[in-house]
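Novice: with the sequence up front, the predicted model follows.
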Amino acid sequence: AADKINLIPQDFFAELCEQIIQHLNHKIPGVDTAELCQRIQTSGIEINVGDLAKIANIVSFLFSTAAGNNLSTEELVTTLGNAVGSLPKHAVQVIRHVWNEQGKSISVSEDARNMVTVGQFVDIKWKLGVAMSSDTCRSLKYPYVTVTLKVADPSGQITDKSFEMTIPQFKNFFRQFKEMASVLETV
């Protein structure tokens, strides 16, 4: 992972670390590694989203473990130096700075550690389409709805889940959402 961290410019690595701290503080649902990866690639750096997600998981584990052990900034940096001698200098500087500024704000309660985690809804996008024709049928004119859910998994990685529905499927989907809304109004 250290060689991949070396590829990431300091400003992007700092942004990644800050998003991880915000996620650990429950201020944001997760880290959108796909969006960050796209911006890094646009700047001319070759890195794939899988590698960036691994780095995010490592840094998240590092920060949550440091918070759980109440490490000071110097203890964290010393531990990093002893455990990972090949971590790039700019990464250690960023981790030191972010931990010094925001590390103590991470609250690690026993309840949070023992809680079963599930994914968290972030956003929904939809579009209506019409299939005009296919190689086997010249005139389909078949409407469909495409839905993309943006979900943060328990580790904080944000992923998109897309699916298509026929109009009857969409009407059933909509009916179920109306039922949920009416139940929520009674709570």
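Specialist: On my side now, so go ahead.
Novice: now do the SS call for the closest residue to residue 14 other than its chain neighbours.
Specialist: Closest residue to residue 14 apart from its sequence neighbours, by Cβ to Cβ, 6 or more residues apart in numbering: residue 94 at 4.8 Å. Every residue, glycine included, has its C-beta placed from N, CA and C. Of the three states, residue 94 takes helix under DSSP: H, G, I helix; E, B strand; the rest coil.
Novice: do the same with residue 6
Specialist: Residue 6 ends up helix, using three-state DSSP.
Novice: could you list the domains of this structure?
Specialist: Domain assignment of the chain by the TED database yields the ranges 1-112, 120-185.
Novice: where does this protein dip in pLDDT?
Specialist: Residue ranges of the chain with pLDDT under 70: 1, 83-86, 107-118, 155.
Novice: if you set the cut-off to 50 instead, what comes out?
Specialist: By pLDDT under 50, the low-scoring segments of the chain are 109-116.
Novice: ranges for the strands of it?
Specialist: Here the chain has its strands, by DSSP state E, at 120-131, 142-152, 158-166.
Novice: and those, which is most packed in?
Specialist: Per residue and on average, the most neighbours among the strands of the chain fall to strand 142-152, with a mean of 16 (mean count of other Cβ atoms under 10 Å).
Novice: quick one: strands adjacent to that one?
Specialist: Strand 142-152 pairs in its sheet with strand 120-131 (antiparallel), strand 158-166 (antiparallel), by DSSP bridges.
Novice: who's in contact with that strand?
Specialist: For strand 142-152, contacts defined as Cβ atoms under 8 Å, 6 or more residues apart in numbering pick out 23, 29-30, 119-131, 158-167, 169-170, 173.
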